[in-house]
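1. Turn this into a model:
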Amino acid sequence: MVGFLNAYQLTGEKPFLDKSWASWTFIKKHLLDTKNGEWFMGSTAEHTVVGNDKISMWKAPYHNSRACLETLERLDHLH
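-> Down below sits the predicted model:
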């Protein structure tokens, strides 16, 4: 999400902005746990959540929050 937004800011190419938005849409639809909070680790190709884990050695709530804060900051600076 942030990477595509960064690419858009660097190039001005709208497909990168579209991919950033698509990433956020996917997260909201398939990874966000609206009942208990946080994001699940991942999903299968069929969009079934993989396990119940939300935190691991490679993923912490910090990363999700940071991605959202970074995105908001960048969106504030778009023309």
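2. When you work out contacts or count neighbours from here on, use the C-alpha atoms and nothing else.
-> OK.
3. Mind checking the pLDDT average for the helix of greatest length in the chain?
-> Taking DSSP state H as the criterion, the chain has its longest helix at helix 61-76. Here helix 61-76 scores 89 as its mean pLDDT.
4. next one: stretch 12-23
-> Mean predicted lDDT for stretch 12-23 stands at 96.
5. Please compute how far it lies from its chain's middle.
-> 12 Å (CA atoms, centre = their mean, to the nearest Å).
6. now for the longest helix of the chain, which elements pack on it?
-> Under the contact criterion of 3 or more CA pairs under 8 Å, 6 or more residues apart in numbering; DSSP states H and E, helix 61-76 touches helix 2-11.
7. Kindly format the C-alpha coordinates of the longest helix of the chain as CSV.
-> Extracted C-alpha coordinates of helix 61-76, given in CSV (Å, rounded to 0.1, in the frame of the first residue of the first chain):
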residue,chain,number,x,y,z
PRO,A,61,0.6,-4.2,15.2
TYR,A,62,3.2,-1.5,14.8
HIS,A,63,3.6,-2.3,11.1
ASN,A,64,-0.1,-2.0,10.3
SER,A,65,-0.5,1.3,12.3
ARG,A,66,2.7,2.7,10.7
ALA,A,67,1.4,1.8,7.2
CYS,A,68,-1.9,3.6,7.8
LEU,A,69,-0.2,6.7,9.4
GLU,A,70,2.4,6.8,6.5
THR,A,71,-0.4,6.6,4.0
LEU,A,72,-2.4,9.4,5.6
GLU,A,73,0.7,11.6,5.8
ARG,A,74,1.4,11.0,2.1
LEU,A,75,-2.2,11.5,1.0
ASP,A,76,-2.1,14.9,2.8
